[in-house]
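1. with the sequence up front, the predicted model follows.
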Amino acid sequence: MLLRHTKKEVKEREGLTINPAKTCQPIGAMYAALGVHGCLPHSHGSQGCCAYHRSTLTRHYKEPVMSATSSFTEGASVFGGQANLLQAITTIFSVYDPDIIAVHSTCLSETIGDDLQQITKKALDDGRIPEDKRVIYASTPSFVGSHITGYANMVTGIAEQFAKPDGEKLDQVNIVAGWMEPSDMREIKRLSKELGARIVLFPDTSDVLDAPQTGRHEFYPKGGATVPALESTGRSRCSIALGCISAEPAAIALEKKCKVPFRTEDMPIGLSATDRFIMSLSKAAGVEVPDEITAERGRLVDVMTDMEQYFYGKKVALFGDPDQLIPLTEFLLDLNMKPVHIVSGTPGARFEKRMKEILKDAPYTNFKNGLTADMFLLHQWIKNEPVDLLIGNTYGKYIARDEDIPFVRFGFPILDRIGHSYFPNVGYTGALRLVEKILGVFLDRQDRDAPEEKFELVM
Amino acid sequence: MEKIGILEGRQKQIYEKKEDEAAFDIKCETTSLSGSVSQRACVFCGSRVVLYPVADALHVVHGPIGCAAYTWDIRGAVSSGPELHRLSFSTDLREMDVIYGGEKKLHRSLVELIDDYRPKAAFIYSTCIIGLIGDDIDAVCRKVSQEKGIPVLPVHSEGFKGTKKDGYRAACDALMKLVGKGSTEGIGKYSINILGEFNLAGEAWIIKNYYEEMGIEVVSTMTGDGRVGDIRRSHGASLNIVQCSGSMVKLAKMMEEKYGIPYLRVSYFGIEDMSKALYDVAKHFSDNPAIMEAAKALVSREVGELYPQLREFRNELEGKKAAIYVGGAFKAFSLIKALRSVGMNVVLAGSQTGNKDDYSGLKEMCDEGTVIVDDSNPVELSKFILEKEADLLIGGVKERPIAYKLGVAFCDHNHERKIPLAGFEGMYNFIREVYSSVMSPVWRFAPRKGGLSS
């Protein structure tokens, strides 16, 4: 047993993290920047950061992931990284020719004290940035928050640095995507179209990280939010932020800069959160909910009723990222299941507060986020109170194997299965997929463990 | 050669072999240009991959969470016993630690972990910001070592302090502190250490079995399926055999200097190099002819089994073209030979960390028209793969999807190999994997090579 070292007895740890349920900011910034069309993410730090982030995203998406690095040396760490970044900007525009460079910092450049705003301004003043090109930036120190914070910071940078406040208001709604998959973003666009709502979705990694095989390696795939669309966000009617942690900061930035009012919704995972999203968007866009969407909802509810007997009272442990855990927990409760253990490495009082609201009728739940809220703790909790199901990213497979628990992969990263890039978790269809997956592992388990006389054909 | 798409300042790191070319002066062992989409990693990565397979040691990453998260059990270095190395331990430094220093946190973490896990030793990796915030990890390690009575070894692997190769050096320095600390009692004359073999997919076991079959005692494998106790007594071996492009040559040199243990550089990939690795060791122990006899018998048996199997693959693979882009250049030599043995030609050979000698060697070995690159990037790789009409790319995790997008077959000869590629059985696996990808029916459906042909 790989995790044989995990002891049942839980004791306070002072800071030490064992088997993290998070990673660091820059990878989130890199992922967000890939959701802008023609954008090359740039990692201002050592080469390793960039290599690790690209490798992780590549393992998760099975797609090429392009990003440049400042390739810090000892000199840079003594004299500051300005020279590296200026050189990098020149190199990137002359060789890789993106429309946009999205620079994010790292623990190294932050500790040295590099000021990205000042350096990019200098690059502009020095004429290193061609006229029709842009360099945007976000500060993403690895020792603050988590990968989710990095995502939020880059999305905020995108919003702040592209949106133009001036001009006539446009009949459109901004949808700020929290950290979700390309498949989820595609589904948000489909639902909006079905509703007849005009939206600008950003970031948008669909058609970037789920690109088709074409016989070519497209350095800049066709997807991603375009510059005109991003500029127009400053004149939209309003914004809907999908996720209070990873999306709301960008909506706040748009309100500050361009007076675009916003509303924050939970990411539309599961029935209730999707209901709220659909209502919110229909109201914001001034459109009626069409029969087709009502029917989609109906199909989900139909399956939930058909199979309700299998969900009742099932104990679930889950881990992952805040904006996904919040609606997922709610959905599990809607399915009459018991989310007994929940951890997320991402710190934040806002997250805690929202979880408390969701969990108000589930006083039995262990929930912890931030420091030492890691997979080790989750495993200890599971040892103390066993569960029927584990939901989370690939790293859950160790616990699932050791404790022999049915396991549904959900979240980031998923390094050992495919599907997440292509089949959404959001919307009624996404919820149906989740139900299918959860039910699948339950019933497979029942089939596996049933004694012969109780092995059933019809379930 | 067309220079479009090649980074300015990169020309010197690319070479195309031509007849009568006067000077061969490839630039290498430099840091990457700022702004390049380099496929390389950092110092920390180098140290981590070398030390990580020591399975009964505690590996603690001192820094913000990322460095530990990204190196959590990614390499498939298999252990036959303890698996402590597959867990991820990090001091998870936060803003306050960056301001006030992380020494106390490190100390506390180490004490907690050593009490809980009772490891045989601990490796403490310093990441980028450790140097900057001034943590004296040497002092912390000394203190914990005294308190807990096990070796606690600092690994100076700040990411920016050089290239991945410097990380190898830092790892060797840490290992050297263990070497010589154990009893060499009972170690015989015909004994070796296997260095630079990380037991990916169980490869070290294959190699170890070969040597044991020859009547040779394997004192330690560094670091695949590694144990602290074995490393501590490794100075009792008569010979070090070193695989891989230099990741552990430094340790072999240090052990030669300090303990007078000679070393041989070997490769276990392909029939030719694998056989040579066995024969060279047998030659070293020439006073015992039984070892050479056993080596000959082993090779003859293995090759006898392998050849007919390879012949079938060769029928289909003959004349196909391969591109190779690997971490260390030394591996490229073996791969070129291995591919040649099934009739494939190498049209591109490159590495992340090769040195001048490696590249001159590659130049000698390669056919005319072969492109040789140091520290390449996706634009270059795509360009040469298309221009040279490669049918196969051999590379690592970041190269795989690029090959597939281009409609080119792929074989991972890096961390993500899932089956052993070393040894004679590994050669069969390797060629089988190459065959399965090159000849896959999927290419009938996929636009290929820039969409130009199918």
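-> In hand now; what should we look at? Residues are numbered from 1 along each chain as shown, chains lettered A, B, ... in the order given.
2. for A:Tyr44, what are its contacts?
-> Let me fix one detail, which is that residue A:44 is His and not Tyr. For A:His44, the contacting residues are A:69-70, A:81, A:84-85, A:88, A:103-106, A:109, A:114, A:116, by C-beta atoms under 8 Å, 6 or more residues apart in numbering or on different chains. Every residue, glycine included, has its C-beta placed from N, CA and C.
3. same thing but at 7 Å, please
-> Neighbour list for A:His44: A:Ser70, A:Gly81, A:Leu85, A:Val103, A:His104, A:Ser105, A:Thr106, A:Ser109, A:Asp114, A:Leu116 [criterion: C-beta atoms under 7 Å, 6 or more residues apart in numbering or on different chains].
4. export those residues to a markdown table and tack on pLDDT and distance to chain B?
-> Shown next, in a markdown table, are these (pLDDT from 0 to 100; distance: C-beta to the nearest C-beta, whole Å):
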| residue | pLDDT | distance to chain B |
| --- | --- | --- |
| A:Ser70 | 94 | 5 |
| A:Gly81 | 93 | 9 |
| A:Leu85 | 96 | 7 |
| A:Val103 | 98 | 11 |
| A:His104 | 98 | 12 |
| A:Ser105 | 98 | 12 |
| A:Thr106 | 97 | 7 |
| A:Ser109 | 95 | 9 |
| A:Asp114 | 96 | 12 |
| A:Leu116 | 97 | 15 |
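5. just give me the closest of those to B:Leu381.
-> For the contacts of A:His44, the residue nearest B:Leu381 by C-beta to C-beta is A:Ser70; the value is 21.3 Å.
6. surely that closest one is in contact with A:Ala88?
-> Yes - A:Ser70 lies in contact with A:Ala88 (C-beta atoms under 7 Å); the separation is 5.1 Å.
7. which neighbours do these two share?
-> Common contact partners of A:Ser70 and A:Ala88 (C-beta under 7 Å, 6+ apart): B:Ser34.
8. and what about the residue nearest to A:Asp321 when sequence neighbours are not counted, helix, strand or coil?
-> Nearest in space to A:Asp321, with sequence neighbours left out and distances taken as C-beta to C-beta, 6 or more residues apart in numbering or on different chains, is A:Ile148 at 5.3 Å. Three-state assignment for A:Ile148 (DSSP: H, G, I helix; E, B strand; the rest coil): helix.
9. quick one: A:Ile148 and A:Ile27 touch, right?
-> No - in this structure, A:Ile148 is not within contact of A:Ile27 by C-beta under 7 Å, at 10.1 Å.
10. between the two, which one's more packed in?
-> Neighbour tally, A:Ile148 and A:Ile27, criterion other C-beta atoms under 10 Å in any protein chain shown: the higher count belongs to A:Ile27, 32 against 29.
11. contacts only, for the more buried one.
-> Contacts of A:Ile27 (C-beta under 7 Å, 6+ apart): A:His53, A:Thr56, A:His147, A:Gly150.
12. the helices in the stretch 201-350 of chain A, which residues?
-> Along the stretch 201-350 of chain A, the stretches classed as helices by DSSP state H, counting those that start in this stretch are A:227-232, A:248-258, A:271-285, A:291-306, A:322-334, A:349-358.
13. now do the first one, average pLDDT.
-> It stands for helix A:227-232. Averaging pLDDT along helix A:227-232 yields 98.
14. got it, and the fourth one?
-> Averaging pLDDT along helix A:291-306 gives 98.
15. ok now that helix, how far from the chain's centre?
-> Distance, stretch centre to chain centre, for helix A:291-306: 26 Å (C-alpha atoms, centre = their mean, to the nearest Å).
16. what residues sit buried inside it?
-> A:Ile293, A:Glu296, A:Arg297, A:Leu300, A:Met304 (16 or more other C-beta atoms under 10 Å in any protein chain shown).
17. quick check, the second one in contact with A:Tyr428.
-> Yes - distance between A:Glu296 and A:Tyr428: 4.2 Å, which falls inside the contact criterion (C-beta under 7 Å).
18. around chain A, pick out the residues from the stretch 101-250 of chain B.
-> Within the stretch 101-250 of chain B, the positions near chain A by C-beta under 7 Å from any C-beta of the partner chain are B:105, B:108-109, B:112-113, B:117, B:128-129, B:132-133, B:159-161.
19. among those, who's most crowded?
-> The most crowded member of those, judged by other C-beta under 10 Å, is B:Gly159 (35 neighbours).
20. shouldn't that one be in contact with A:Tyr52?
-> No - under the criterion of C-beta under 7 Å, B:Gly159 makes no contact with A:Tyr52, lying 9.8 Å away.
21. neighbours of A:Ile382, how many?
-> Counted with other C-beta under 10 Å, A:Ile382 comes out at 23.
22. and what of A:Glu231?
-> Applying other C-beta under 10 Å, we find 14 other residues in the vicinity of A:Glu231.
23. I'd say it and A:Lys164 touch.
-> Yes - between A:Glu231 and A:Lys164 a contact is recorded at 4.8 Å, counting by C-beta under 7 Å.
24. list the buried residues in stretch A:116-126.
-> Buried residues in stretch A:116-126, counting neighbours by 16+ other C-beta under 10 Å, are found at A:Leu116, A:Ile119, A:Thr120, A:Ala123.
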